Each structure stands twice: as structure tokens, then as C-alpha cells.
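In: my questions are about this predicted structure, shown below with the sequence.
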Amino acid sequence: MAIRIDDLGVTYPGGHVALAGLSLHVRPGEVFGLLGANGAGKTTLIKVLATLLRPTRGSLRVLGLDPARDPAAIKRRLGVVPQDNNLDVDLGVRDNLLFHCRYFGLSRIEAGKRVDRWLAELGLADKAGAEVMQLSGGSKRKLMLAKAFLTEPRLLVLDEPTTGLDPEIRAAIWRHIAAFRAGGGTVFLSTHHLEEAERLCDRVALVRGGAVVACDAPDRLAAGQGGADMEEIFHRLAGSALQPC
């Protein structure tokens, strides 16, 4: 499994339970979607997968590795796009990417090649010398996606990567996610967009209260609910615990 999660729990100081016995398994080479309302536990799970947060209980393996024992090895294999902007505002667009490459140990020549490639791929070549704060929200999001791709990860972890973006930029990011999967990569995608889950994901887990309430391929979820769309399915199933994923 690319990701194996069994009975995962996270309780924050003060007693707030963010994940309550969540279980799911992600196969290599699939796009796996995590769908749920605000507060469902999606971002907490992303932080656990990215080794930024240790769970309170349960078992977790990422690419066969234990985050508690091998966080550095996992980070070298991950490309992560967090929900919040993590760009360095003191560096320009190109320098943000170069610094990221050097942090991962790439040579200056190789870093330059990869940076130029991804600036071109994501339509940012003409903004290479710009300051980060001069970018639009969509361009900042594309720059964060470029950072995730630069290190040629095996697993791409995306936390609501297209929230607030216009349809054209959203469609462009969808194309790059699909291309990464077509090249053999695995994608773990947290999203608010039902259309995004339907278009991109091989399987979708619906999450409520920090636990999986339903999990299957989008079309099979719809078939099992009389052909309902994802929004209807979520509202019907969100109140009852169903099969683990």
C-alpha cells in the first residue's frame, strides 16, 4: 500500500478530537480523494501524513515507512501542497524553487533545469523574476504545486489545492495531477469540490467527525445510492458509519 492507516486517532491539547479511529488504505498509482466539511479532520490527516503531527493512537505507514521512525525518508518521497501558503515572501519566484531544490540536496545545475521546466509547465516562466507578493492567488497556488513536483515525489499530498481558484487555473492543476498519476505517481487529495473528486479520483472517502463514513469509487457510491451525485451521497451517508477504506 502507498498509505496504510488503521484506527488513527488525534486528540489536541484541551481534548478536541480531530481524528477518531480513522482507517483507510491507498493503493500505489491511484488518486485517492478525501471529502468532508470544515472540521471533519482532513487537514489534520494531511499533517499526519506529511510527518508534521504525531497521532495519539493507531498505526500508519507511508510508502511502507513509519513516520515516527523515518520522517526524513518519507519527506524525501513526498510532494506536499498544504492548504495555507508556504512560500518565502523574501525570495522571488525562481529563487523560491531553487532554494527548495537545494534543501533537498539537488545540484545547482539539476535544480536550475527542474525549476525552468516547471516554471514553463505551469505557465510561470514570465514571472520567474517577480516577487511572490506580486503574484495573484492562482499563480501562488501554481508555484506551490511546482515546489511539490520539483523533487520528483512518489506520493503527492494535496490539501484543497484548488480552493478559491478560477475554473481555468483549476482545470490546469487537474491536468497536472492527472499527468502525475499517469506517470505512475500516487495522489492523496483533500478537497471541498465534489466535481474535483468525481473527475480525478479512483476512490473517495467521505469523512465526518474524524472518521470514514463511506468509501468507494465515485461511480459505485452513486450507483449504491440510486444514481445520486456526490453532494447527495455525502448528505445521505454522513450520519452513519460504513465500511473502512
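Out: Great, that's in hand.
In: where are the low-confidence patches of the protein?
Out: 222-245 (pLDDT under 70).
In: element containing the most centrally placed residue in the chain?
Out: In the chain, the residue lying closest to the centroid (C-alpha atoms, centre = their mean) is L158, at 1.6 Å. L158 is part of strand 155-159 when elements are defined by DSSP states H and E.
In: output the helix or strand following that strand as CSV, restricted to C-alpha atoms.
Out: Sequence order places helix 167-182 as the next helix or strand after strand 155-159, per DSSP H and E. C-alpha atoms of helix 167-182 as CSV (Å, rounded to 0.1, in the frame of the first residue of the first chain):
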residue,chain,number,x,y,z
PRO,A,167,-12.1,27.5,-13.4
GLU,A,168,-9.2,27.9,-15.9
ILE,A,169,-6.5,27.6,-13.3
ARG,A,170,-8.3,24.8,-11.6
ALA,A,171,-8.6,22.8,-14.8
ALA,A,172,-4.8,23.4,-15.4
ILE,A,173,-4.0,22.0,-12.0
TRP,A,174,-6.3,19.0,-12.6
ARG,A,175,-4.3,18.2,-15.8
HIS,A,176,-1.0,18.2,-13.9
ILE,A,177,-2.4,15.9,-11.2
ALA,A,178,-3.8,13.5,-13.9
ALA,A,179,-0.4,13.5,-15.7
PHE,A,180,1.4,12.7,-12.4
ARG,A,181,-0.8,9.8,-11.9
ALA,A,182,-0.4,8.6,-15.5
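In: okay, the angle between the next helix or strand after helix 167-182 and strand 155-159?
Out: With elements assigned by DSSP H and E, the helix or strand that comes after helix 167-182 is strand 186-191. Angle of strand 186-191 versus strand 155-159, following axes from the mean of the first three to the mean of the last three C-alpha atoms, to 10 degrees, is 0 degrees.
In: so which bits of the next helix or strand after strand 186-191 are buried?
Out: Note on strand 186-191: by DSSP H and E, the next helix or strand toward the C-terminus is helix 194-200. By neighbour count on 16 or more other C-beta atoms under 10 Å, the buried set for helix 194-200 is L194, E196, A197, E198, L200. The C-beta positions use only the backbone N, C-alpha and C, and glycine is treated the same way.
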